[in-house]
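A.B. asks: What follows is a predicted structure for the sequence shown.
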Amino acid sequence: LGRAPGGRAALEAAVPFKLTREMVGVLGGPTAPLFTETLVDLCTSALRAARAHADSLLALIEMTGYRSDMLCFASGVETPL
């Protein structure tokens with residue numbers, strides 16, 4: 001979820017995260033250990049943590065979306081948990 005112009009919440013249309021060339025450059029380039037090891041390890045750890053708490057995270061998102069007028073929930077969260 002993110003903030004869109006006008007204060008509405010929105011989801012990124014194409015991808016949830018954009019790793020730009022500039023970001024890779026700051027990390028020392030695509031072959032640098034800071035990119036190939038550290039960033040990969042941190043992203044893997046973050047995804048594992050999210051997976052470990054997936055039920056709680058989904059419950060929070062469902063509660064946020066229940067009868068919400070936010071565009072990111074336009075397909076609807078019709079029923080409470």
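C.D. replies: Yes, it's here.
A.B. asks: Please read off the pLDDT at Ala10 from the model.
C.D. replies: In this prediction, Ala10 carries a pLDDT score of 55.
A.B. asks: quick one: low-confidence parts of the protein?
C.D. replies: Along the chain, segments meeting pLDDT under 70 span 1-16, 75-81.
A.B. asks: can you count the residues close to Thr64?
C.D. replies: Neighbourhood size, Thr64 [other CB atoms under 10 Å]: 14. The way it works is simple: take the backbone N, C-alpha and C, and place the C-beta from them, glycine included.
A.B. asks: Kindly format the C-alpha coordinates of the helix or strand it falls within as PDB.
C.D. replies: Using DSSP states H and E, Thr64 maps to helix 54-65. Only the C-alpha atoms of helix 54-65 are listed here, as PDB (Å, rounded to 0.1, in the frame of the first residue of the first chain):
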ATOM      1  CA  ALA A  54       1.600 -13.800   6.900                       C
ATOM      2  CA  ASP A  55      -1.600 -14.600   8.800                       C
ATOM      3  CA  SER A  56      -1.400 -11.500  11.000                       C
ATOM      4  CA  LEU A  57      -0.400  -9.300   8.100                       C
ATOM      5  CA  LEU A  58      -3.300 -10.600   6.000                       C
ATOM      6  CA  ALA A  59      -5.700 -10.100   8.800                       C
ATOM      7  CA  LEU A  60      -4.600  -6.500   9.200                       C
ATOM      8  CA  ILE A  61      -5.000  -5.800   5.500                       C
ATOM      9  CA  GLU A  62      -8.400  -7.400   5.500                       C
ATOM     10  CA  MET A  63      -9.500  -5.200   8.400                       C
ATOM     11  CA  THR A  64      -8.200  -2.200   6.700                       C
ATOM     12  CA  GLY A  65     -10.000  -3.000   3.500                       C
END
